[in-house]
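Engineer: Build me a model:
(2 chains)
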Amino acid sequence: MSYKKITLLVLIISLLTIGYVVANPKQSVEAFSEQIIQQGAVGEDVIELQSRLQYVGFYNGKIDGVFGWGTYWALRNFQYEFGLDIDGLAGEKTKEKLVKASEYDKQFVKEQIAKGNKFTHYGGVDKEKQSAPKQSTPKQTAPQKSTPKQPEPNKSGTGTDSPNNAAGGGNETDTPEQAAEDPAEDVEITNTAVNVPQGFSQNDIQLMANAVYGEARGEPYEGQVAVAAVILNRVASPSFPNTVAGVIFEPRAFTAVADGQIWLTPNDLAEEAVLDAINGWDPTGNATYYFNPDTATSAWIWSRPQIKRIGKHIFCN
Amino acid sequence: MIRWILIALLSVGVAGTAFWGYQEHQEKNAILVQAENTYQRSFHELTYHMDLLHDEIGTALAMNSDHRLSPQMVEIWRLTSEAQSNVGQLPLGLLPFNKTEEFLSNIGDFTYRTAVRNLDDDPLTDEETKTLKQLYEQSADIENELRKVQHLALENNLRWMDVQLALANEDEQVDNTIIDGLKTVEKTVEGFKETNVDSSVIGTSAKQHQYQFLNGKKISEQEALEISKDIFGIRDTADITIAQTGEGADVPLYSASYDANGKHGYIDLSQQGGKPLSMLINRDVGEKELSLNDGLKKAETYMKELGFEDMELFQSGQYGNTGAYTFLYNQDGVRVYSDEIEVKVALDNGEVLGLTALNYYMNHKERELPEPTVSSEEAKEVVNPNVKIQEEYLAVIDNDLGEEILVHEFLGVYGDDTYRIFINATSGIEEKVEKLGGTEINYAIN
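Structural biologist: Predicted structure coming up:
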């Protein structure tokens, strides 16, 4: 008699398990794309990786979509605890284990990022408690003065009271660009952080891009990288100021600064050239000066030992 | 007759005045631009120095040996005075910015006092370490606020001249982002209680090694054309323009470039041996199809094809739709920081868009590495006990004098930050401590 009961119980349990296993693959299909995620990567997979690592308590940093050092250590610790190869790469096995061990509330994470909220994604904690609306400081309101179309009360209202009902609404508009887009469910997640080369900020890069664009916008690509490289060579040289801003704004150093052309809006090419120069490319061969032989008025500059000519500029040191 | 002479005289007078007026106007504009540039420079330098200050305080926290700590304190002290002089040059006469200045001078006082003290006999007390930690957090807040202001100023092309005007006539409604932002900075500092008081090692080589590894025979211009054709992967050498470097170059080069099929390519080849020192291809990179990891494999294959051996990945990062990879030379398990190569890969189709091996060729040689006389365990004891060590390597770096030294390299975590710590493997001295960054809030969307 009791044997029958036990057999029945076992049967029911195994059926349930099969049902669970059958129902579950849907989740793992949704999780992660095929790629092996490595340090330095950005994008949706990284957001998911960070969320999942945070869910199981390994990652305490911000979920920002950039695979930085914090994420790297979290992943390694996860691999250590779960007996995987500790390589800091989110490969197939690691992703599989991670998907099994954690949950990922994509909708929640997306919403929080879209709204610019401060939030976390720990497992077993009420979601409502894990999000705090972006604090509003004076400079938050300052730029909005210029765009008065913004529905202000709407913004502050939804942020604090009900962070969860906004997604279906569709009339929640945080930025003008988003308002223009289709308010469909599957909005692309934007990273809230970016990679920057060690020792530089986005603003440094922007300032250099301004200078490069003002000085060399008509030049071939390597000519633009070269101008950026000269700025960096000057920062490193003891006979010039020690900061990017110092070099750029040094009186009489760059004509684009003297005549105000530095304030033209640079294009993406100038920015890419600056990034390449910062990442180590120097087509000038360590030059600290350059000049345009057609317009140069100083006789002194001709006395410098010349390295090479790129486009319209001669580079020398 | 007289009437005509008068008219002529008058018109000459008017024209003269107009010319004079125009010149005055030009001069005034030139001076305005110059004044504006001075303000811009001080402001951008201020933000930069605050960045640096924050990092340097963080580095001081992770340091253990006192013989490194004293110079570090001096460095922080120097930075505060630089930042203070930047603040002093801004046209903020009408804006209360004195709390920030006070904060800076507090850091200055604190670090000066500790720097001149003999830390060997009289190390930092727990209280002082706590103060340093507080300063670290507070400087992070200020740095962050300043960066936001800087981003807004750059994005909206704001002028300090306008700020000055806005400050002068308060009742007028002008775009006062800068003022609002700076007021926030000031508020942030006010919140601190009264009780408080670059540097990458990669590729650095102060002593140039004279390109020992650039050997082989001298190549002709025709050969250089052939080599660059192969590396660019194009069929015809006719599209390529080539030039030689002048007398100012450290090492004689051929520079070749081409334009074809919407691509622009550039390469530097050494005349001795025809080695590629630097290569760049510029084109529009399409939608991302490959992962950063796929790109790494392309970069590794590419380096093998060019004959670089024993290179290991040091760091990688995705910028837009391209991946940037840094490789270091690995000699029998010791990584050599100065022998560095960078590769850039387009993540749309995996094409290699750039390579720079200048540092590699400048420094590379087969080195005679000494056996470490300080064991890894002994070296770990020199590291600040608060730093949790996660990874360790043997490495060769250049010290402050530009000499190559063998070190134990530790990657460790302290608080939320990651540090790279180098301990000399023959003397056990703490050589360098670096705070690692590489990620920043995206101000454009926040």
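
Engineer: top helix in chain B by residue count?
Structural biologist: Criterion DSSP state H: the longest helix present in chain B is helix B:2-62.

Engineer: Low-confidence regions, the stretch 101-250 of chain A specifically.
Structural biologist: The stretch 101-250 of chain A contains residues with pLDDT under 70 at A:133-189.

Engineer: Now do the strands in it.
Structural biologist: In the stretch 101-250 of chain A, the strands defined using DSSP state E, counting those that start in this stretch lie at A:118-119, A:131-132, A:193-195.

Engineer: and those, which is most packed in?
Structural biologist: The highest average neighbour count among these, using mean count of other CB atoms under 10 Å in any protein chain shown, belongs to strand A:193-195 at a mean of 21. Glycine gets a C-beta too; all of them are placed from N, C-alpha and C.

Engineer: can that one be found next to chain B?
Structural biologist: Yes. Applying CB under 8 Å from any CB of the partner chain, one finds strand A:193-195 touching chain B at A:193-195.

Engineer: Adding distance to B:Lys133, write those out as a markdown table.
Structural biologist: What follows is the residues of strand A:193-195 next to chain B, written out as a markdown table (distance: CB to CB, whole Å):
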| residue | distance to B:Lys133 |
| --- | --- |
| A:Ala193 | 24 |
| A:Val194 | 28 |
| A:Asn195 | 28 |
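
Engineer: After the longest helix of chain B, heading C-terminal, what element do we hit next?
Structural biologist: Sequence order places helix B:66-89 as the next helix or strand after helix B:2-62, per DSSP states H and E.

Engineer: pLDDT averaged over the strand ranked longest in chain B - what is it?
Structural biologist: In chain B, assigned by DSSP state E, the strand with the most residues is strand B:334-346. Across strand B:334-346, the average pLDDT comes to 90.

Engineer: The stretch 51-200 of chain A: helices as residue ranges?
Structural biologist: For the stretch 51-200 of chain A, the helices defined by DSSP state H, counting those that start in this stretch occupy A:69-81, A:92-101, A:106-115, A:138-144, A:152-161, A:166-169, A:176-180.

Engineer: ah, wrong one, I meant the stretch 251-400 of chain B
Structural biologist: Per DSSP H, counting those that start in this stretch, the stretch 251-400 of chain B carries helices over the ranges B:292-305, B:358-363, B:376-382.

Engineer: and the ones you listed, which is most packed in?
Structural biologist: Among these, ranked by average contacts under mean count of other CB under 10 Å, first place goes to helix B:358-363 (a mean of 24).

Engineer: In this structure A:Ala226 contacts A:Cys316, no?
Structural biologist: No. Counting by CB atoms under 8 Å, A:Ala226 sits too far from A:Cys316 to count as a contact (11.8 Å).

Engineer: So between the two, which is more surrounded?
Structural biologist: The neighbour count for A:Ala226 versus A:Cys316, taken as other CB atoms under 10 Å in any protein chain shown, is higher for A:Ala226 (29 against 24).

Engineer: Now for that one: which residues touch it?
Structural biologist: Taking CB atoms under 8 Å, 6 or more residues apart in numbering or on different chains, we find A:Ala226 in contact with A:216, A:219, A:282-284, A:287, A:290, A:310, A:313, A:315.

Engineer: for B:Pro91, same thing?
Structural biologist: B:Pro91 sits next to B:39, B:160, B:163-164, B:167 when contact means CB under 8 Å, 6+ apart.

Engineer: In helices, which of the residues you listed appear?
Structural biologist: Judged by DSSP H, the subset of those located in helices is B:39, B:160, B:163-164, B:167.

Engineer: picking up where we left off before, for the strands of the stretch 101-250 of chain A, give me TSV that also has distance to B:His54.
Structural biologist: Shown next, in TSV, are the strands of the stretch 101-250 of chain A (distance: least, CB to CB, whole Å):
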stretch	distance to B:His54
strand A:118-119	21
strand A:131-132	24
strand A:193-195	17
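
Engineer: for those, which one sits closest to A:Lys62?
Structural biologist: Taking CB to CB, strand A:193-195 is the member of those nearest to A:Lys62, at 7.3 Å.

Engineer: partner strands of that closest one, parallel or antiparallel?
Structural biologist: The strands beside strand A:193-195 in its sheet (DSSP bridges) come out as strand B:439-441 (antiparallel).

Engineer: for the strand it pairs with, what is the average pLDDT?
Structural biologist: For strand B:439-441, the mean per-residue pLDDT is 69.

Engineer: burial of A:Gly91, as a residue count?
Structural biologist: A:Gly91: 16 neighbours (other CB under 10 Å).

Engineer: try B:Thr373
Structural biologist: Summarising burial for B:Thr373: neighbours were counted as other CB under 10 Å, giving 12.

Engineer: who's in contact with it?
Structural biologist: Residues counted as contacts of B:Thr373 (CB under 8 Å, 6+ apart) are B:425-426.

Engineer: quick revisit: tell me the angle of the longest helix of chain B relative to helix B:66-89?
Structural biologist: 150 degrees (axes from the mean of the first three to the mean of the last three CA atoms, to 10 degrees).

Engineer: Tell me if helix B:2-62 is near chain A.
Structural biologist: Yes. Helix B:2-62 lies within reach of chain A by CB under 8 Å from any CB, at B:30, B:33-34, B:37-38, B:40-41, B:43-45, B:47-49, B:51.

Engineer: and what of stretch B:299-319?
Structural biologist: Yes. Residues of stretch B:299-319 contacting chain A under CB under 8 Å from any CB: B:315-319.

Engineer: Please convert those residues to CSV, extending it with neighbour count and pLDDT.
Structural biologist: Shown next, in CSV, are the residues of stretch B:299-319 next to chain A (neighbours: other CB atoms under 10 Å in any protein chain shown; pLDDT from 0 to 100):
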residue, neighbour count, pLDDT
B:Gln315, 18, 87
B:Ser316, 23, 89
B:Gly317, 26, 89
B:Gln318, 23, 89
B:Tyr319, 21, 88
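
Engineer: Tell me which residue of the stretch 251-400 of chain B lies closest to chain A.
Structural biologist: Nearest residue of the stretch 251-400 of chain B to chain A (CB to the nearest CB) works out as B:Ser291 at 3.3 Å.

Engineer: Confirm for me that that residue is in contact with A:Val42.
Structural biologist: No. Applying CB under 8 Å, one finds B:Ser291 not in contact with A:Val42, separated by 10.7 Å.

Engineer: More neighbours: those two, which one.
Structural biologist: A:Val42 (24 against 21).

Engineer: What residues does the stretch 201-350 of chain B have near chain A?
Structural biologist: Counting by CB under 8 Å from any CB, the stretch 201-350 of chain B comes close to chain A at B:203, B:243-251, B:253, B:255, B:257, B:264, B:266, B:268, B:278, B:280, B:282, B:288, B:291-294, B:296, B:315-320, B:323-324, B:326, B:340, B:342, B:344.

Engineer: ok so, going back, in three-state terms, how would the residue lying closest to the residue of the stretch 251-400 of chain B closest to chain A once chain neighbours are set aside be classified?
Structural biologist: Nearest residue to B:Ser291 in three dimensions, chain neighbours excluded: A:Gln35, at 3.3 Å (CB to CB, 6 or more residues apart in numbering or on different chains). Here A:Gln35 is recorded as coil under DSSP: H, G, I helix; E, B strand; the rest coil.

Engineer: neighbours of A:Gln35, just the number please.
Structural biologist: Using other CB under 10 Å, A:Gln35 is surrounded by 17 other residues.

Engineer: mind checking how far it is from B:Lys298?
Structural biologist: Distance, A:Gln35 to B:Lys298, using CB to CB, to the nearest Å: 14 Å.

Engineer: Next: A:Lys127.
Structural biologist: Noted for A:Lys127: a distance of 41 Å to B:Lys298, by CB to CB.

Engineer: just B:Glu342 next, same as before
Structural biologist: According to CB to CB, B:Glu342 and B:Lys298 sit 14 Å apart.

Engineer: Local confidence estimate at the closest residue to B:Tyr393 other than its chain neighbours?
Structural biologist: Excluding the flanking residues, the one nearest B:Tyr393 by CB to CB, 6+ apart is B:Glu409, at 4.4 Å. With respect to pLDDT, B:Glu409 scores 92.
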